[in-house]
Structure formats: C-alpha cells, structure tokens
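Sequence and predicted structure, then a few things I'm wondering about:
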Amino acid sequence: DQQVKQNSPSLSVQEGRISILNCDYTNSMFDYFLWYKKYPAEGPTFLISISSIKDKNEDGRFTVFLNKSAKHLSLHIVPSQPGDSAVYFCAASEHSGAGSYQLTFGKGTKLSVIP
Amino acid sequence: DAMVIQNPRYQVTQFGKPVTLSCSQTLNHNVMYWYQQKSSQAPKLLFHYYDKDFNNEADTPDNFQSRRPNTSFCFLDIRSPGLGDAAMYLCATSRVGWDQETQYFGPGTRLLVL
C-alpha cells in the first residue's frame, strides 16, 4: 500500500504562472517531508523540506505547505519557469535507527512549464 | 564540489551474470543508501549503511548485497541479475546531526539486463 501518494502524474503550467504540486500521506509516523526535482538521466536533487512542527517553509520561488490534520502537503512554484520542467518527487521521512532516516517516495509528478 | 558519484552511469549485463555498481562520496556523510527505481515508479530503498552497520530492508531480495569498505565508498552487488532487476539504481548519503533527514543523491546507474 502506497504511504505517499502523488495523484497527478503530470501537470502543465504556463510560464510565469503558479505551479502547485500535491502530495498525500497516510503514515502518522512521518515527521519530515522533502521535495526532490529530477531531470531525465539524473538523480533526484533536493529542493526544499519541511518539518512536521511547521506548516510552511519558503525558499525563493519555492514554498512548501504542510497540513498535518489532512496529511497533505503541497509545493508551490511562483513564478514558474521553463527550467522548472522536471519530475517532482514528494518524500516523507521517518527515523529508522541510530542516525538514519528512511525516505518513502511518491511516484512523482511531471511538470511541464510552457513558454 | 562535494558530491555523490556513481559509476558506471550505464551498465549492461547478461541474465545471471554478476554485476557490481559503485558509489563514492566526498561529503563525508555517515550514512549511505541504495535505492532501486523502475520506470514510472517511486524509488524503493534496498538497504543502507550507518557507518559500518548494515541495515537491510525486509523485502530486499537476497540476490542483492552491499559492501562498504570505507566511509567514501559503497558497492551494490547483484549476484544473479534477472530481467526484473533492470532499473535505475540510486545511491544517496546523509549526515548525522544537522540536516540529518535530507538525503543527497548521485546521478544513478541505469542497469540493463539482456
């Protein structure tokens, strides 16, 4: 059973507009959430994260919102740029032993920003 | 630049022929992870090392083994690759302490099994 779900496999947005990528999770033990960006033939690149004690984290054009009661998080990109076109993975973290954390990933959302 | 390096980027092997994928890091991170990612799927954790302590995921097949001879290097050995093992293999690292929940990924090795 998928513990992290990204229900939209793809999303198209006009350049300059807002991109909103959504993610839902089921495991209450997750206490840290991350977004990764992945270009074809490359590994995932860390983008932004949020702790479960916060409801918002902002870094430049990227903002992540967390709604713990709904077990939902979203990534907002404003304004969207063509270089943002990539697959975005939502990941949730739980402590899995001394010093290590297990990441559970969603299947990803492919964002296409149209010039 | 500090980074996670994976070699080779593409690997072709034959059905049943052992293959080794390698990962090195210049980040001096304590923890190293191996993930398998199949097309249109989420990356799936195979195992990880915290320093020299090996941690295997419960559903990782016995066909997959790992070695970490030192802090910088970690290897993934597939003893008898099957067609179903064709995938992207991702190595990641994380540090203990500040920012410990964030994992940093290498570019991956694409494995093709003929």
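Perfect, I can see it now.

Tell me how far A:Met61 lies from A:Ile50.
Actually, residue A:61 is Arg rather than Met. The spacing between A:Arg61 and A:Ile50, counted by Cβ to Cβ, to the nearest Å, is 16 Å. C-beta coordinates here come from the backbone N, C-alpha and C atoms, glycine included.

more crowded one of the two?
A:Ile50 (20 against 14; other Cβ atoms under 10 Å in any protein chain shown).

Tell me which helix or strand the more buried one sits in.
strand A:45-51 (DSSP states H and E).

In its sheet, which strands sit next to that strand, and in what direction?
strand A:32-38 (antiparallel) (DSSP bridges).

what distance separates the partner strand from the centre of its chain?
Centroid separation between strand A:32-38 and its chain, computed with Cα atoms, centre = their mean, to the nearest Å, is 5 Å.

again with stretch B:96-112
Worked out by Cα atoms, centre = their mean, stretch B:96-112 lies 9 Å from the chain centre.

One more: stretch A:42-59?
Centre to centre, stretch against its chain (Cα atoms, centre = their mean), the figure for stretch A:42-59 is 7 Å.

Counting neighbours, which bits of it end up buried?
A:Gly43, A:Pro44, A:Phe46, A:Leu47, A:Ile48, A:Ser49, A:Ile50, A:Ser52 (16 or more other Cβ atoms under 10 Å in any protein chain shown).

C-terminal to the lowest-mean-pLDDT helix or strand in chain A, what's the next element?
Every helix and strand of chain A was ranked by mean pLDDT, DSSP states H and E. The lowest is strand A:101-105, at a mean of 89. As assigned by DSSP H and E, the chain's next helix or strand after strand A:101-105 is strand A:109-114.

Around chain B, pick out the residues from chain A.
Residues of chain A lying close to chain B by Cβ under 8 Å from any Cβ of the partner chain are A:2, A:4, A:9, A:32, A:34, A:36, A:41-46, A:49, A:89, A:93, A:96-108.
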